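Chemist: here is my input, please return the structure:
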Amino acid sequence: MKLLMIEDNHSVSQMMSMFFKKEKWDAQFAYDGNEALEMFSASPHDWDMVTLDLNLPGMDGMQVSAEIRKLSPTVPIIMLTARDSESDQVLGLEMGADDYVTKPFSPITLIARIKALHRRAELGPASQKEAAPLDDTELFDVVTEHFKLNTKTREAYLNDRQIEDLTPKEFDLLKTLAQKPRQVFSREQLLQLVWDYEYYGDERTVDAHIKKLRQKIEKVGPQIIQTVWGVGYKFDDSGAE
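Modeler: As a prediction, this is how the structure comes out:
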């Protein structure tokens with residue numbers, strides 16, 4: 001794994017460097033927002049993971065996350081923050097982060113989060129895979145009346161139009177919902193199923209990802225992720241002609 005850690009605290013970086021070496025990961029470090037963007041933009045498709053401190057000199061983590069997302073819509077981003085405000089965490093997720101870890105954190109916890117997120121994304125973005133023929137439904141793992149999804153190529157189609165630039169978490173969230181059309185999932189259930197570990201964050205993490213996912217779906221067709229008020233969310237493409 002090639003990992004970029006963006007962290008202005010040298011002590012934290014040095015500590016995590018030892019853990020990354022133990023995992024045999026190729027970890028590089030940036031200590032302010034501008035340096036981080038310069039390093040990332042030099043080869044945006046070569047990075048497998050980004051950990052991003054929210055409080056950075058030069059350019060703050062929110063801005064860095066948004067700029068990284070412009071360069072690579074799919075690279076997994078874990079936000080590291082000393083802030084405990086729910087609004088800051090949700091805003092960070094809306095700006096493109098896939099997950100967050102609140103400081104102070106255990107190095108073992110961060111390593112576990114990185115591994116969980118990487119497992120979901122290790123097949124790589126759909127743009128780097130050969131497109132699957134749309135007329136052969138046997139190549140798709142999920143097929144409904146108007147929707148198709150291929151987990152190997154990480155591609156999803158609505159009415160034969162690809163839903164583009166899905167982050168790893170957005171893709172997994174869409175897959176989880178689409179595998180059981182019209183079944184209602186609570187936010188707690190989605191956290192357990194999609195985040196792949198015991199997740200102690202605020203359940204509005206799900207809302208932030210649903211919001212971004214809906215925006216990308218609406219670029220190609222009608223909305224297929226429905227809110228069930230007071231309960232959670234469901235997939236329903238019955239009216240997606």
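
Chemist: just give me the neighbour total for D141.
Modeler: When neighbours are counted by other Cβ atoms under 10 Å, D141 registers 12. To be clear about C-beta, it is placed using only N, CA and C from the backbone, and glycine gets the same treatment.

Chemist: please disregard the earlier target; I meant P107.
Modeler: Neighbour number of P107 under other Cβ under 10 Å is 14.

Chemist: likewise for H146?
Modeler: 17.

Chemist: work out for me the element Q63 sits within.
Modeler: Here Q63 sits within helix 61-71, counting by DSSP states H and E.

Chemist: next, the buried residues of that helix.
Modeler: Within helix 61-71, the residues that qualify as buried are G61, M62, V64, S65, E67, I68, R69, counting by 16 or more other Cβ atoms under 10 Å.

Chemist: and D237, which of the three is it?
Modeler: coil (DSSP: H, G, I helix; E, B strand; the rest coil).

Chemist: ok, now the one 3 residues further on?
Modeler: Look at A240: counting by three-state DSSP, its state is coil.

Chemist: sorry, back to before: after the helix holding Q63, next one along is what?
Modeler: Next element after helix 61-71 (DSSP H and E): strand 77-81.

Chemist: can you give me the angle that next one makes with helix 61-71?
Modeler: Computed with axes from the mean of the first three to the mean of the last three Cα atoms, to 10 degrees, the direction of strand 77-81 lies at 170 degrees from that of helix 61-71.

Chemist: list the contacts for the nearest residue to D99 once chain neighbours are set aside?
Modeler: For D99, ignoring the flanking residues on the chain, the nearest one in space by Cβ to Cβ, 6 or more residues apart in numbering is I78 at 4.9 Å. Residues near I78 by Cβ atoms under 8 Å, 6 or more residues apart in numbering: 49-52, 97-101, 110, 113-114, 117.

Chemist: including neighbour count, could the residues you listed go into JSON lines?
Modeler: Listed next are those as JSON lines, based on neighbours: other Cβ atoms under 10 Å:
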{"residue": "M49", "neighbour count": "21"}
{"residue": "V50", "neighbour count": "24"}
{"residue": "T51", "neighbour count": "25"}
{"residue": "L52", "neighbour count": "27"}
{"residue": "A97", "neighbour count": "31"}
{"residue": "D98", "neighbour count": "26"}
{"residue": "D99", "neighbour count": "23"}
{"residue": "Y100", "neighbour count": "22"}
{"residue": "V101", "neighbour count": "18"}
{"residue": "L110", "neighbour count": "19"}
{"residue": "R113", "neighbour count": "22"}
{"residue": "I114", "neighbour count": "25"}
{"residue": "L117", "neighbour count": "23"}
